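Student: Structure here, sequence nowhere to be found:
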């Protein structure tokens, strides 16, 4: 299993600026918070000799750019993280790489160190938000709670969380989103040349709650059967077909439903494609009606698949499938008992 770490400290410069304020009302109205505390102010107190600014770095003008000392401290902390734990992936929760050249220097440090850790084989990934087209040639662009409507030629990442980013009893009581939604999003992302990072919020105990555990159990069972159409795959000529597919070129990179970033609702009529070598995978987003899957993109006159189809298999089933192909598409009959309520994956091989 690959090991990844996330870094959020660059935002502390601005996120903690509220610590410079005070209550507006109540018995402590006007009493400053601790954002402006200094080392000298600790004389005679429990933190004497310690500098609160080592934690808060809030003794600065509101809205000011981070100073060189803060950038250097950030660099040293992240470099120590890299050197100590040698991660395979670093996720920066920041727009672009943080703190100007500091982020670029960290990227160079990580990539060069990764080559040494893995005997010259490149195995280091950086994910960050809001990257330009040029930056995306070296760093993986993250779409957090947004979603692309089309396949992207440059690999990208989809980040989301099972619940809120911080654990919430209210969200636990309300219930997390259904497993089927996450599997649909996952397959949709992979078909569009993306990777998927899903966070699982933890309560104070550090242990998964029962609903998160149930979700992971369901996801694990689906992946045990269908992981072949995900791991080690590449996108096909088109990412999919069906009611959810947007053919309008202006839809590329548009955001859908930003608060959730789950994309459109999908049904078994929506098909997503991935490839591995000469094998094509077609995933129906649900349980096909009557055990029938029809794929228009694989018609006998298809420009994307001109050769003959020799075999169609249902992942997780040894059954020999009946299929036919003409100018309207590929029609496949599958055992209804073997289909998945979440997403049903076909493995298609050339003759």
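Tutor: Looks like it arrived, so ask away. Just so we're clear, the structure is a prediction, and the values are computed from it rather than from any experiment.
Student: how far does stretch 322-341 stretch from start to finish?
Tutor: Taking C-alpha to C-alpha, to the nearest Å, stretch 322-341 runs 21 Å from one end to the other.
Student: How about residues contacting it?
Tutor: For stretch 322-341, the external contacting residues (C-beta atoms under 8 Å, 6 or more residues apart in numbering) are 180, 222, 225-226, 286-288, 290-301, 309, 312, 314, 316-317, 319, 321, 344, 346, 348. Placement of C-beta: from N, CA and C, glycine included.
Student: List only buried entries from those.
Tutor: Among the contacts of stretch 322-341, the ones that count as buried by 16 or more other C-beta atoms under 10 Å are 180, 222, 225-226, 286-288, 291, 293, 295, 297-299, 309, 312, 314, 316, 321, 344, 346, 348.
Student: Contacts made by the host helix or strand of residue 84 with the rest, please.
Tutor: Per DSSP states H and E, residue 84 falls inside helix 68-85. Applying C-beta under 8 Å, 6+ apart, the set of residues contacting helix 68-85 from outside is 3, 5, 7, 9-10, 13, 57, 66, 87, 90, 98-100, 102, 105-106, 109-110, 113.
Student: Just the ones in helices from the buried ones among the contacts of stretch 322-341, please.
Tutor: 180, 222, 225, 226 (DSSP state H).
Student: Need the worst-confidence member of those residues.
Tutor: For those, the weakest pLDDT value sits at residue 180, with 94.
Student: and the nearest residue to that residue once chain neighbours are set aside, what helix or strand is that in?
Tutor: Leaving out its chain neighbours, the residue that sits closest to residue 180 by C-beta to C-beta, 6 or more residues apart in numbering is residue 342, at 4.9 Å. Assigned by DSSP H and E, residue 342 falls within no helix or strand.
Student: And residue 342, what's its pLDDT?
Tutor: Listed pLDDT for residue 342 reads 95.
Student: for the one 4 residues further on, same thing?
Tutor: Here, the pLDDT recorded for residue 346 equals 98.
Student: likewise residue 247?
Tutor: Among the per-residue scores, residue 247 shows a pLDDT of 55.
Student: Which of the residues in the worst-scoring helix or strand of the chain on mean pLDDT are classified as buried?
Tutor: Here the helix or strand of the chain ranked lowest by mean pLDDT, DSSP states H and E is strand 89-95, holding a mean of 87. Within strand 89-95, the residues that qualify as buried are 89, 90, 91, 92, 93, 94, counting by 16+ other C-beta under 10 Å.
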